[in-house]
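> Structure for the following, please:
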Amino acid sequence: MLSVSRNGRILGLVILVILFVTGCARKVPIVPYVPKETGTIQGLVYESDGKTPISGVMVWAYDRYGYIDGYAQTDIHGKYTIRDLFPEHYILQIRSGEHYGTAGRYAGEYYRNAYRWEVAYLIQVKAREPTSSINFLLERGGIFLGKLVDPDKNPISKTPFFLKAYSNKNSYITYFSQTDSLGEYLIAGLEPGEYRIKIEPVGWIGGFCDGENWDNAQIVESKFDTITLSDFETTKGGAISGIIIPPALGIMVQVIGKKKALEKIVDSTGYYIIGGLPEDEYLIKLSPQKNSPYAWKYYPDAIFASQSAYVSVTSLDTVTGIDFRLTKGGVISGEVKDEDGNPVEEFEFELYSIGTIHEPLQKRSFHSPNGKYEINGIPPGEYILKISSFYKNETYTTQYYKSANSFKDAIPIEVKSGYNTSGTNFKLKSAGWIQGFILLNDKLISREDIKFKVLAFPIKPGSITEGRNTFTGGYRVSGLPAGEYKFCAIAPNSMFAAMWIGGGRGFFDPKTDIILIEKEKPANIDFSVTPGECKICGKVYDKSNKLPISGKVVAYDSTGHIVQLAESSENGYQLKGLPPGQYFIRTYKFAGYKDKWYTDTNLLNPDCIDTTPWFVNIPSGVLPVEAKETELITGIDFYLEFAD
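As a prediction, the model looks like this:
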């Protein structure tokens, strides 16, 4: 679950820049905001006997909207204290899995032995007072027993692997273990529930247990008991190897395929080998780690993925000679301050190449008490730099260099090999934010498999800001400059297409409300959504070999505003939840391919040149697809060509 911390511990709202148009509707006032002092939550974590303390367990505090506001780890006595919490109600959770401190033995739970968000207990925090005795009694979780074997049924022994227990396509718990001399393993600490199990052995091809993919994988139920899984049969797969010249510490090689992506740190000799690769074509990226002086590159010698060459891997073969020669990059450095000249301590940067905001080339968070930063290992060229910050209960507007509010107004920064482009400073302005719940029939939507995106469209031309929600149904959009906005919520791959605050179905719908956002103040407003009944379906193919490929497909209304987004796989895509109407359909983010609009077969599909999916200018000649009530539209297929 990706959450955004008001206390600045988890960063990551993405700001996307596009051209926009104006509209009108009734205005909704905001709820006044008053700064508050903080309090604490403290307690003990025991085993189910109520006597044995559990150390090293992470306890997480969420606000009612599902955002992490604090966390703490238990000491040797099982004691924890979560500090700096604003006076309101919180939900506490201990999450299971190796990465969350339960040591793979105890099942994760919410306070008072709850296993689902919607029945979790709310804990009140008061200013300058400790909320004490919030204690947990943890049960030993369920156990999985299993075995890894090769195609000849020989045990795969002494092999590390990841086991992922999926409760839905977007949510899973990860465990790390190693098989014994007989190829057998034991995984403990699973929460009660139904799961699909995926196993990823290091150096072998991973997959779902008892199924080729998600749709036909076996569902197993955990009830604090022991479950024996079927033997997982797999093959070694192919491999890619090479040498990095000169050898250097902290260099990572990434292989990125359509079916699988892996990475490995290069050893001290500069040699690497990455195995367990399914038959596929791969992009190879060299990624020096933080503070490395060397620049990233794609094989054989490219800065961008679109300029690189694919490496073909066949089963059981090792492709050798995928070598890289390191080159020194340049540096961008400076400081980040607020309007009063005080350093901004926590912020995030995104670095883009000139001409595209499709994906940042580099992205990283900084914690800097003096507000200073340094970005190393940048290949020579011109770049756009964006800084965002969400620290404690203060939020700042996102800014591009130099004092620009959008990508198109940003000043490019020239980077030279071995040189420091210093003095690249930012002064961030205070911002407001909006938060609330997403409701269906006045009830909170808390399903883990439904993830809403909330988009802030300014009334005046400017940047569209993307917020996020969690499985709880809460949402927040931060970093908003003061002004008037309209807000849209969509849940990709679900029956919930775009709905706007106020009940409108589009930006220009008279029912859509205008929301006033003020500096350093939240607007507390809930969304009411309703499912749609229409579906538009199809497949996306590689034009050269007629094989299905993976990416995203987007539906827009006649004004160019997004209505729905769907993932496309080998089984195709479904744009669900659409109200009756006409829609313009395009592909988006098919790696290595030119995106296209769907249109009549007698007209050449115009290339998609827009770089963000939320709002587009629909080209002339593109024909709409009409969806009628309860109707299933099929055969809306695409044939994509490789990008030059």
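> Please count neighbours and contacts with C-alpha atoms only from this point.
OK.
> Any regions of the stretch 151-300 of the chain where pLDDT drops low?
170, 259, 267-268, 290 (pLDDT under 70).
> quick one, strands of it?
Under the criterion DSSP state E, counting those that start in this stretch, the stretch 151-300 of the chain contains strands at 160-168, 171-178, 184-190, 193-201, 207-208, 219-222, 226-228, 232-233, 238-245, 251-257, 261-265, 271-277, 280-288, 297-298.
> out of those, which comes closest to residue 369?
strand 280-288 (25.2 Å; CA to CA).
> Any idea how far that closest one is from the middle of the chain?
20 Å (CA atoms, centre = their mean, to the nearest Å).
> Just the angle for it relative to strand 251-257, thanks.
160 degrees (axes from the mean of the first three to the mean of the last three CA atoms, to 10 degrees).
> Taking strand 261-265 as reference, get the angle to strand 280-288.
Using the same axes, to 10 degrees: strand 280-288 against strand 261-265 is 40 degrees.
> Please shift the residue numbers so they start at 7 in all later answers.
In the new numbering, first residue 7, that becomes strand 286-294.
> Quickly run through the sheet partners of strand 286-294, with directions.
strand 257-263 (antiparallel), strand 303-304 (antiparallel), strand 317-319 (antiparallel) (DSSP bridges).
> could I get these as JSON lines with distance to residue 76?
Compiled in JSON lines, the strands paired with strand 286-294 are given as follows (distance: least, CA to CA, whole Å):
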{"stretch": "strand 257-263", "distance to residue 76": "32"}
{"stretch": "strand 303-304", "distance to residue 76": "37"}
{"stretch": "strand 317-319", "distance to residue 76": "44"}
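> tell me the most buried of those strands?
strand 303-304 (a mean of 24; mean count of other CA atoms under 10 Å).
> Which residues does it contact?
For strand 303-304, the external contacting residues (CA atoms under 8 Å, 6 or more residues apart in numbering) are 289-293, 309-311, 314, 385.
> Out of the residues you listed, which comes closest to residue 343?
residue 385 (26.7 Å).
> And the closest one, its phi and psi?
Here is the backbone geometry of residue 385 (degrees, to the nearest 10): phi -60, psi 150.
> burial count for it?
Residue neighbour count, defined by other CA atoms under 10 Å, stands at 22 for residue 385.
> quick one, which of the strands paired with strand 286-294 is nearest to residue 574?
Of all the strands paired with strand 286-294, strand 257-263 comes closest under CA to CA, at 15.7 Å.
> tilt between that closest one and strand 277-283?
Going by the same axes, to 10 degrees, strand 257-263 makes 30 degrees with strand 277-283.
> Which segments of the chain make up each domain?
21-34+437-534, 244-321, 344-431, 540-646 (automatic domain parsing).
> Enumerate the positions of stretch 344-352 that are buried.
344, 349-352 (16 or more other CA atoms under 10 Å).
> Over that stretch, what's the mean pLDDT, rounded is fine.
The pLDDT scores in stretch 344-352 average 88.
> Show me what it is in contact with.
By CA under 8 Å, 6+ apart, stretch 344-352 touches 14, 341-343, 371-378, 395-397, 433-436.
> Pull the distance from it to the chain's centre.
Using CA atoms, centre = their mean, the offset of stretch 344-352 from its chain centre is 28 Å.
> same question, stretch 582-597
21 Å.
> Check stretch 211-226 too.
For stretch 211-226, the distance to the chain centre is 23 Å (CA atoms, centre = their mean).
> quick one: the closest residue to residue 211 other than its chain neighbours from residue 573, how far?
Excluding the flanking residues, the one nearest residue 211 by CA to CA, 6 or more residues apart in numbering is residue 282, at 4.7 Å. Using CA to CA, to the nearest Å, residue 282 is found at 25 Å from residue 573.
> Give me the more crowded residue out of the two.
residue 282 (23 against 17).
> Tell me how far the more buried one lies from residue 241.
For residue 282 relative to residue 241 (CA to CA), the value is 8 Å.
> where do the contact lists of the two overlap?
210-211.
> how far does stretch 561-578 stretch from start to finish?
Termini of stretch 561-578 sit 15 Å apart (CA to CA).
> now swap in stretch 320-329 and tell me
19 Å.
> Give me the residues contacting it.
242-251, 283-286, 305-306, 319.
> Try it again at 10 Å.
241-251, 276-287, 290, 292, 305-307, 317-319 (CA atoms under 10 Å, 6 or more residues apart in numbering).
> Which positions in it come out as buried?
Those would be 322, 324-325, 328-329, for stretch 320-329 by 16+ other CA under 10 Å.
> swap in stretch 307-319?
307, 309, 311, 314-317, 319.
> Could you identify the pair within the residues you listed that is furthest apart?
309 and 319 (22.4 Å).
> Between the strands paired with strand 286-294, which one is closest to residue 269.
Comparing the strands paired with strand 286-294 by CA to CA, strand 257-263 comes nearest, at 4.2 Å.
> send the alpha carbons of that closest one over as CSV?
C-alpha atoms of strand 257-263 as CSV (Å, rounded to 0.1, in the frame of the first residue of the first chain):
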residue,chain,number,x,y,z
ILE,A,257,27.0,-0.4,-9.7
MET,A,258,23.7,-2.1,-10.5
VAL,A,259,22.7,-3.8,-13.7
GLN,A,260,19.0,-4.0,-14.5
VAL,A,261,17.4,-6.3,-17.1
ILE,A,262,13.9,-5.1,-18.1
GLY,A,263,11.8,-7.5,-20.2
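> To residue 51, which of the strands of the stretch 157-306 of the chain lies closest?
strand 190-196 (15.6 Å).
> Just checking: what are the partner strands of the closest one?
By DSSP bridges, strand 190-196 pairs with strand 148-155 (antiparallel).
> Okay, angle between the partner strand and strand 166-174 too, please.
130 degrees.
> Run the angle between strand 148-155 and strand 199-207 for me.
Using the same axes, to 10 degrees: strand 148-155 against strand 199-207 is 30 degrees.
> in strand 148-155, what's buried?
For strand 148-155, by 16+ other CA under 10 Å, it's 148-150, 152-155.
> could those residues be laid out in a markdown table, adding distance to residue 496 and pLDDT?
Below are those laid out as a markdown table (distance: CA to CA, whole Å; pLDDT from 0 to 100):
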| residue | distance to residue 496 | pLDDT |
| --- | --- | --- |
| 148 | 36 | 84 |
| 149 | 37 | 86 |
| 150 | 37 | 87 |
| 152 | 40 | 92 |
| 153 | 42 | 94 |
| 154 | 41 | 95 |
| 155 | 43 | 94 |
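> Show me what residue 290 bridges to in the sheet.
residue 261.
> and it, how far is that from residue 529?
Distance of residue 290 to residue 529, given as CA to CA: 45 Å.
> Name the residue in those two with the higher neighbour count.
The neighbour comparison of residue 290 against residue 529 (other CA under 10 Å) goes to residue 290, with 25 against 22.
> For residue 592, see how far away the more buried one is.
Taken as CA to CA, the span from residue 290 to residue 592 is 28 Å.
> What of residue 187?
In terms of CA to CA, residue 187 sits 51 Å off from residue 592.
> More neighbours: those two, which one.
Looking at residue 187 and residue 592 with other CA under 10 Å, you find the greater number of neighbours at residue 592, namely 23 against 12.
> and residue 623, how many neighbours?
Neighbours of residue 623 (other CA under 10 Å): 15.
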